[in-house]
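>>> when you get a sec, could you give me coordinates for this:
(one chain, ligands or ions: 2)
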Amino acid sequence: MKNKRIGIIGAGPSGLAQIRAFEALQDQGYAMPEIICFEKQDNWGGMWNYSWRTGVGKYGEPLHGSMYKYLWSNGPKECLEFSDYSFDEHFKKPISSYPPRPVLFDYIQGRIKKSNARDYIRFDTCVRWVNFDEDTKKFNVILDDLKINKTYSEELDYLVVASGHFSTPNMPYFKGIENFPGTVMHAHDFRGADQFKDRNILLIGSSYSAEDIGVQCYKHGAKSVTLSYRTNPIGIDWPEGIKEFPLVTHFKGETAFFKDGTTENYDAVIMCTGYQHKFPFLPDELRLKTKNNLFPDHLYKGIFFNQLPQLIYLGMQDQYYTFNMFDAQAWVARDFMMNRLTLPTEAERRLDIDRWLERNDQLEGSLDNVDFQSDYIKDLLSLSDYPHFNVDRVAQMFKEWLQDKEDNILTYRDKTYQSVVTGTVAAQHHTDWMDELNDSKERYLYEAEEEEMISDR
Ligand code: FAD
Ligand code: NA7
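Numbering: from 1, shown residues only. Ligands and ions are numbered 1, 2, ... in the order given. Okay, the predicted model is just below:
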């Protein structure tokens, strides 16, 4: 196995899960294959590695990050916990169920810092192009070392694409927007609510980004927040100051016109209109072409490119489950690459894909979606030795979370959940989420008693 060369594109949660999966096998006494992970940023963590930049990175590459200041987990951490590295093990004390971004970033790093994972990663290295040689059955990967501006290539037996799919904006056009006098941006470039204080803002979209950016701006002092939906509204009982309209038809100056005849003036428009699965480094025949959904076509077990299973995709699904799903996928992918798992024939794989696609087509809303992805996780867990966790309990937590958000979008992050890995019940955060304007790790881990002692002095 030592002579097999495995390439991983991206050192975000998915790419790191792949490295971790190999290390878990090494801990059992197996030899590691040769692994090279290519990461175009100068650090790991993918989306969780916050950048203040927008547009391009320091070497002129499209900027990957879409995360922003004051971003707090949008689901309970108990639903994403690594089953081989608990929050308790990392933080040594119970923490709340909805930590801010720097705290989750710290957790992601904690597991991988304990090993030699960094040695496998080439940072500031961008994958430019991939060829597959039908004769040698190897990938030829063309890379740019961004730091020294040098192009070179590597030959690989397996290629794991873990480059994420929430980075390239889907940016629709609305008539007249070219003359809108205020800010127009995509959620990808949103870096914090500060600039929208005292402004009237319009968010187009009705999914996670619209909901969260809308609520963040409300929390940090926007004058008014309007969400505009294409298909369905989020439809919850919004607090005064946030409202939902049907889709914008066009703009005239600073005025937006909506489908129901309403008009309103705005200072800024933020397109929360989702992202494109974009793989500019893959040729047509190897490229995954899909919309954001729970079961992209052509991927056996949501992982193996059916026409060429040596090409592996991680984390390409729309996500309820995140870190633990990437782990479950990476463990299965590892076993295939290590000849511990044999795949059925291409035709049999196709039938399996079709069964999932058929069910995916019949899903009827969020509760159904949660059950679908939970069953998918169970299927993955049955294929490898990734430590099992109580998926049904996690599914239940997702459903409670959906209800919590519906009950009160401003307080759902104050709720606490119980870990399925350790049984620990989350701590109540020292400050209500709506009153907490500081998202730093230091502030988050600060004990409330310490704060009281300081203010008493
Ligand atoms: P990414 O994290 O996107 O990492 C992909 C990596 O690939 C990046 O480091 C990138 O630099 C690298 N890369 C890409 N192209 C190349 C190339 N050509 N060459 C070399 N390297 C390359 N999930 C949650 O669980 N909870 C949340 O609260 C949450 N909030 C989110 C908020 C926002 C605004 C967004 C956009 C996503 C959020 N997510 C959340 C989902 C998030 O995408 C996942 O948690 C996770 O980051 C996905 O991991 P990944 O490794 O698949 O992709
Ligand atoms: P999503 O979840 O893919 O949602 C995209 C939204 O954008 C969805 O509401 C779409 O409406 C809407 N959309 C897409 N195209 C248009 C056009 N042309 N006009 C109007 N509305 C449109 O992306 P998000 O950014 O919200 O979430 C992605 C990740 O970021 C997620 O994992 C979070 O954790 C953070 P539709 O319902 O299709 O009509």
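
>>> where do the strands sit along the stretch 151-300 of the chain?
Secondary structure of the stretch 151-300 of the chain (DSSP state E, counting those that start in this stretch): strands at 158-161, 168-169, 183-186, 200-204, 224-229, 242-246, 248-252, 255-258, 263-265, 268-271, 275-276, 299-300.

>>> mind checking if the last one is in reach of ligand 1?
What that stands for is strand 299-300. No - applying Cβ under 6 Å from any ligand atom, one finds strand 299-300 separated from ligand 1 by no less than 13.7 Å. All C-beta atoms are positioned from the backbone trio N, CA, C, and that covers glycine.

>>> that strand: what's the following helix or strand?
Toward the C-terminal end, the helix or strand that comes next after strand 299-300 (DSSP states H and E) is strand 304-305.

>>> that next one packs against which elements?
strand 311-313 (3 or more Cβ pairs under 8 Å, 6 or more residues apart in numbering; DSSP states H and E).

>>> could you name the helices and strands sitting against the strand it packs on?
Applying 3+ Cβ pairs under 8 Å, 6+ apart, one finds that strand 311-313 makes contact with strand 158-161, strand 304-305, helix 323-337.

>>> do that again at 7 Å, thanks
Counting contacts by 3 or more Cβ pairs under 7 Å, 6 or more residues apart in numbering; DSSP states H and E, strand 311-313 packs against strand 158-161, strand 304-305.

>>> any bit of it sitting next to ligand 1?
No - using Cβ under 6 Å from any ligand atom, strand 311-313 stays clear of ligand 1, with a minimum separation of 9.5 Å.

>>> ok, and what's touching that strand?
The contact list for strand 311-313 (Cβ atoms under 7 Å, 6 or more residues apart in numbering) reads 158, 159, 160, 161, 286, 288, 299, 303, 304, 305, 333.

>>> and among the helices and strands packed on strand 311-313, the most buried is which?
Among the helices and strands packed on strand 311-313, strand 158-161 has the highest mean neighbour count (mean count of other Cβ atoms under 10 Å), at a mean of 25.

>>> ok, and does that strand reach over to ligand 1?
No - in terms of Cβ under 6 Å from any ligand atom, no part of strand 158-161 sits within range of ligand 1; the closest distance is 8.8 Å.

>>> given that strand, what are its sheet partners and their directions?
Using DSSP bridges, the strands paired with strand 158-161 in its sheet are strand 5-9 (parallel), strand 311-313 (parallel).

>>> now do the buried residues in the first one.
Just to be clear, that refers to strand 5-9. Residues of strand 5-9 classed as buried: 5, 6, 7, 8, 9 (neighbour count, 16 or more other Cβ atoms under 10 Å).

>>> now do the contacts for residue 350.
Counting by Cβ under 7 Å, 6+ apart, the residues that residue 350 touches are residue 306.

>>> just the element for it, please.
Assigned by DSSP H and E, residue 350 falls in helix 346-361.

>>> not counting the helix or strand following that helix itself, show me its contacts.
Next along the chain after helix 346-361, taking DSSP H and E as the criterion, comes helix 366-381. Contact with helix 366-381 is made by 294, 301-302, 320-321, 325, 328-329, 332, 359-360, 363, 388, 391, 394-395, 398-399, 402, as judged by Cβ under 7 Å, 6+ apart.

>>> how about stretch 266-281: buried residues?
By neighbour count on 16+ other Cβ under 10 Å, the buried set for stretch 266-281 is 266-275, 277-279, 281.

>>> contacts with ligand 1 among the residues you listed, please.
Within the buried residues of stretch 266-281, those near ligand 1 by Cβ under 6 Å from any ligand atom are residue 281.

>>> just give me the neighbour total for residue 14.
Neighbours of residue 14 under the rule other Cβ atoms under 10 Å: 27.

>>> now for it: which residues touch it?
Residue 14 makes contact with 162, 314, 315, 326, according to Cβ under 7 Å, 6+ apart.

>>> residue 20: how many residues sit nearby?
A total of 23 residues lie near residue 20 under the criterion other Cβ under 10 Å.

>>> mind listing what's buried in whatever helix or strand it lives in?
Using DSSP H and E, residue 20 falls within helix 13-27. The neighbour-count check on helix 13-27 (16+ other Cβ under 10 Å) flags 13-25 as buried.

>>> partner strands of the following helix or strand past it, with direction?
Using DSSP H and E, the helix or strand that follows helix 13-27 in sequence is strand 34-38. In the sheet, strand 34-38 lines up against strand 5-9 (parallel), strand 121-122 (parallel) (DSSP bridges).

>>> using TSV, lay out the ones you listed together with distance to ligand 1.
Shown next, in TSV, are those (distance: least, Cβ to the nearest ligand atom, whole Å):
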stretch	distance to ligand 1
strand 5-9	5
strand 121-122	9
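
>>> looking at the buried residues of stretch 266-281, which is nearest ligand 1?
Nearest to ligand 1, judged by Cβ to the nearest ligand atom, of the buried residues of stretch 266-281 is residue 281 at 5.0 Å.

>>> show me what from the stretch 201-350 of the chain comes close to ligand 1.
For the stretch 201-350 of the chain, the residues in contact with ligand 1 (Cβ under 6 Å from any ligand atom) are 281, 315, 319, 322.

>>> where does the stretch 1-150 of the chain dip in pLDDT?
For the stretch 1-150 of the chain, residues meeting the criterion pLDDT under 70 lie at 1-2.

>>> low-confidence regions, the stretch 301-450 of the chain specifically.
448-450.

>>> next to ligand 2 in this structure, residues from it, please.
Neighbours of ligand 2 within the stretch 301-450 of the chain, by Cβ under 6 Å from any ligand atom: residue 319.

>>> what about 8 Å?
By Cβ under 8 Å from any ligand atom, the part of the stretch 301-450 of the chain that sits against ligand 2 consists of 318, 319, 322.

>>> in the stretch 101-250 of the chain, which residue sits closest to ligand 1?
residue 164 (2.2 Å).

>>> and that residue, how far from residue 282?
Going from residue 164 to residue 282 by Cβ to Cβ, to the nearest Å gives 14 Å.

>>> of those two, which one has the most company?
Taking other Cβ under 10 Å, residue 164 and residue 282 do not tie; residue 164 has more neighbours (24 against 21).

>>> switch the strands of the stretch 151-300 of the chain over to JSON lines; also include mean pLDDT.
Shown next, in JSON lines, are the strands of the stretch 151-300 of the chain (pLDDT from 0 to 100):
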{"stretch": "strand 158-161", "mean pLDDT": "98"}
{"stretch": "strand 168-169", "mean pLDDT": "98"}
{"stretch": "strand 183-186", "mean pLDDT": "98"}
{"stretch": "strand 200-204", "mean pLDDT": "98"}
{"stretch": "strand 224-229", "mean pLDDT": "98"}
{"stretch": "strand 242-246", "mean pLDDT": "98"}
{"stretch": "strand 248-252", "mean pLDDT": "98"}
{"stretch": "strand 255-258", "mean pLDDT": "98"}
{"stretch": "strand 263-265", "mean pLDDT": "98"}
{"stretch": "strand 268-271", "mean pLDDT": "98"}
{"stretch": "strand 275-276", "mean pLDDT": "98"}
{"stretch": "strand 299-300", "mean pLDDT": "98"}
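
>>> out of the ones you listed, the one nearest ligand 2 is which?
Within those, the stretch nearest ligand 2 is strand 200-204; the backing value is 5.2 Å (Cβ to the nearest ligand atom).

>>> right, I'll call it a day here.
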